[in-house]
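Enquirer: got a structure for you, letters missing:
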């Protein structure tokens, strides 16, 4: 008897959307497994925001089959809204209210009742390390604290799917990494994260899978390491103790690029274990001793530029 895993948190098949005669999404297919981080990258105008708006019931698709938490956003909008949390690019906290008051306000809007609202408020304040600041006006919070409060408010309804639209925009590096820790904690609890970000390092650090959206189409999708192997430039850098070792290595591997000043060879490679093992075996056969070996692979910056023809600044 075979058993299947949990249903995907988000399923998108053939999603199309146009504004007037201008197509914005041209047949998008995406599946987001439950309890993972899925990151959508793309330049300005690629269709990221439109796709998020459709999945969160704020806009309607022109065609395609969509399921968010098992529900159709167009036909069962209330069920989708009950299953999701949404945090936009800018914190939507009321700066006049305290942190605790912001959370209690969300509880009232969700009709949770005073006892359940108090229980969830206390838990979220602790989870997001805001307990000491709970009685302070949100306007006095740092950018990182306001962002944590904003995400905490989106979790008041205990959603299993959370859409984060550029959650760390404007944060300093320390606050950004603090928020990464929070996101990882949510995923560890089984929450599914749909992330759009302008920071490619962020997608690399957090995402289980990444889709690159350009011109209304998914031009690539996969794990971060898979995407990095799509573009050329990966290589192994081999260092040698002296010029004699470098010369012997160059004779054994004529295709390598020589850096005489650094006593090193640069060898094209995808950085895989098999590739490295083959190379080391080759040098062993030629009795060449390698002093140092380092792997250099393209990063998501290279992938983004190669696939979209845009700079990283255009990834907002």
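Expert: Thanks, I have it. Worth saying up front: this structure is predicted, and the values here are computed from it rather than measured.
Enquirer: helix, strand or coil for the closest residue to residue 28 other than its chain neighbours?
Expert: Among residues not flanking residue 28 along the chain, residue 15 sits closest, at 4.0 Å (CB to CB, 6 or more residues apart in numbering). (Each C-beta comes from the backbone N, C-alpha and C, glycine too.) When classified by DSSP: H, G, I helix; E, B strand; the rest coil, residue 15 comes out as strand.
Enquirer: so how far is residue 284 from residue 15?
Expert: Plainly put, residue 15 is 52 Å away from residue 284 if you go by CB to CB, to the nearest Å.
Enquirer: between these two, which one's more packed in?
Expert: Taking neighbours as other CB atoms under 10 Å, residue 15 and residue 284 compare with residue 15 leading, 24 against 11.
Enquirer: wait, that one sits on residue 60?
Expert: No: between residue 15 and residue 60 there is no contact, the gap being 11.0 Å when judged by CB atoms under 8 Å.
Enquirer: touching both of these two, which residues are there?
Expert: residue 54 (CB atoms under 8 Å, 6 or more residues apart in numbering).
Enquirer: residue 212 in helix, strand or coil?
Expert: Of the three states, residue 212 takes strand according to three-state DSSP.
Enquirer: run a quick neighbour tally on it.
Expert: Using other CB under 10 Å, residue 212 is surrounded by 26 other residues.
Enquirer: likewise residue 122?
Expert: Residue 122: 14 neighbours (other CB under 10 Å).
Enquirer: what comes up buried for the helix or strand of the chain with the lowest mean pLDDT?
Expert: Lowest mean confidence among the helices and strands of the chain (mean pLDDT, DSSP states H and E): helix 300-308, at a mean of 82. For helix 300-308, burial by neighbour count (16 or more other CB atoms under 10 Å) applies to 300, 302, 303, 304, 305, 306, 307, 308.
Enquirer: who touches it?
Expert: Outside helix 300-308, the residues within contact range by CB under 8 Å, 6+ apart are 41-43, 46, 200-201, 203-204, 210, 212, 214, 219-220, 224, 227-228, 230-231, 233, 298, 310-312, 314-315.
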